[in-house]
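What shape does this take:
(one chain, ligands or ions: 3)
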Amino acid sequence: MHLGRTTLSKFLIQQVREHHAEEGAGLAALLVDIAAAVKAISAMTAKGALAGILGSLESQNVQGETQKKLDVLSDQAFINTFQLGGLVAGLASEENDDPIAVEPRPACANFLTLFDPLDGSSNIDVNVSVGSIFSVVRAPKGKPSLQDYLVPGDQQLAAGYAIYGPSTMLVLTVGQGTHGFTLDREVGNFILTHPNIQIPASTSEFAINTSNERFWEPPVQRYVEECKAGKTGVRGRDFNMRWIASMVADVHRILMRGGVFMYPKDTKDPSKPGRLRLMYEANPMSMVIEQAGGAASTGRGRILEVKPEQIHQRIPVIVGSREEVERVAKYHDEYDKGEDKAYSSPLFKERSLFQN
Ligand code: AHG
Ligand code: MN
Ligand code: MN
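Numbers count the residues shown, from 1 in each chain. Ligands and ions are numbered 1, 2, ... in the order given. Just a heads-up that it's a prediction; the model follows:
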């Protein structure tokens, strides 16, 4: 029994009553719906190979990525929840080319949702943590147009993620701090276990896919080089590196103990200015991080102030402990102004791959 413990529903009723008078009740109900979809996905992912739903499909999503069976099943779990819930006028997800309008529009459908139904799905077949990410914005009065979805991240009403790890957690914000709930599987309740999460301002842990190092811009090469130099370099202390390759899991670790997560701009594929998607990965995670006292930057500006142009647009992401995010942004600024002459990338030194 959980007498005396705060369930998600109770918490939301209190939070939105205080801070979202106008749309509060609907927003709380929508987040409870999202929690229901998360429970369904948690149950599916936990069954693993027993359910016969691991592995890939023949299909690709709009971004040319081969879909996993669980990508599509998780997408369907969210879509069904939103179509039946009566609170959403339209939705957009990683797995659908275009936004989907809920028709006929329910009378109380005051919201649009954007979501990544299964993040880190390349990890699903190897039993490593995956997650879901969601963003909630205001719906227009009439039928939603594409432009109604393309609002900057600082206009999100709520955002959060679920992590399907050893335990399933839901971490969310309605703009009043970031709070974590742990699923009590036997009872089926999310219980507030991590109120008011605070990301430490400083850290000695970074997360980046270093196999892309040769494609990074010089300011990111500089930052990582300095971290790797540790005590013997300009930072004067040793750094540790972690990379799970599920953004939810990497960001969750940072919320719990600090760190900086980077998926910066690279030149691997010039048509893609980054790996992660603005609308349903970077924006919701940035709101969660900022609400926990962290920072979220493209390297050249605050992610939440980026004016979106497309539903599936990609964006460079540097998020986490404030001091490190600010340092990486400073290195971008110095590079753009030509002020970082002192630093030259080891990749371009004598005897490098490029200059024998
Ligand atoms: P998704 O599974 O939703 O496509 O997102 C995967 C993302 C993110 O979770 C992770 O940080 C990144 O892709 C890893 O990409 P690479 O392994 O290609 O570096
Ligand atoms: Mn993702
Ligand atoms: Mn995904």
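
okay, CA-based contacts and neighbour counts for the rest of this
Will do.

longest helix anywhere in the chain?
Using DSSP state H, we find that the single longest helix of the chain is helix 24-47.

Just the buried residues of that helix, please?
In terms of neighbour count (16 or more other Cα atoms under 10 Å), helix 24-47 has its buried residues at 24, 26-42, 44-46.

what is the mean pLDDT for whichever helix or strand comes after it?
Per DSSP states H and E, the first helix or strand lying C-terminal to helix 24-47 is strand 56-60. Averaging pLDDT along strand 56-60 yields 81.

Strand 56-60 near ligand 3 at all?
No. Judged by Cα under 5 Å from the ion, strand 56-60 stays clear of ligand 3, getting no closer than 12.0 Å.

That strand pairs with which strands?
Within its sheet, and counting by DSSP bridges, strand 56-60 is paired with strand 66-68 (antiparallel).

avg pLDDT for the partner strand?
When pLDDT is averaged along strand 66-68, the result is 83.

ok, and what's touching it?
The contact list for strand 66-68, computed with Cα atoms under 8 Å, 6 or more residues apart in numbering, reads Leu54, Gly55, Ser56, Leu57, Glu58, Ser59, Gln60, Asn61, Ser121, Ser122.

State the pair within these that is farthest apart.
Greatest spatial distance among those (Cα to Cα): Leu54 and Asn61, at 17.2 Å.

how far does stretch 143-160 stretch from start to finish?
Terminal residues of stretch 143-160 are spaced 25 Å apart (Cα to Cα, to the nearest Å).

Buried residues of that stretch, list them for me.
Neighbour counts over stretch 143-160 (16+ other Cα under 10 Å) mark Pro144, Tyr149, Leu150, Val151, Pro152, Gly153, Asp154, Gln156, Leu157, Ala158, Ala159, Gly160 as buried.

what does stretch 264-279 give?
Buried, per 16+ other Cα under 10 Å, within stretch 264-279: Pro264, Lys265, Asp266, Pro273, Gly274, Arg275, Leu276, Arg277, Leu278, Met279.

which one in those is the model shakiest on?
Pro273 (85).

Could you provide the buried residues of stretch 143-160 in TSV, with additional columns for distance to Val137 and secondary structure?
Formatted as TSV, the buried residues of stretch 143-160 follow (distance: Cα to Cα, whole Å; DSSP: H, G, I helix; E, B strand; the rest coil):
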residue	distance to Val137	secondary structure
Pro144	12	coil
Tyr149	8	helix
Leu150	10	coil
Val151	8	coil
Pro152	10	coil
Gly153	9	helix
Asp154	10	helix
Gln156	5	coil
Leu157	5	coil
Ala158	7	strand
Ala159	9	strand
Gly160	12	strand
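
between those residues, which is closest to ligand 3?
Gly160 (14.4 Å; Cα to the ion).

can you tell me which residues contact the closest residue in space to the closest one that isn't next to it in sequence?
Leaving aside its sequence neighbours, Gly160 sits nearest to Leu172 (Cα to Cα, 6 or more residues apart in numbering; 4.0 Å). The contact partners of Leu172, by Cα under 8 Å, 6+ apart, come to Ala158, Ala159, Gly160, Tyr161, Thr178, His179, Gly180, Val288.
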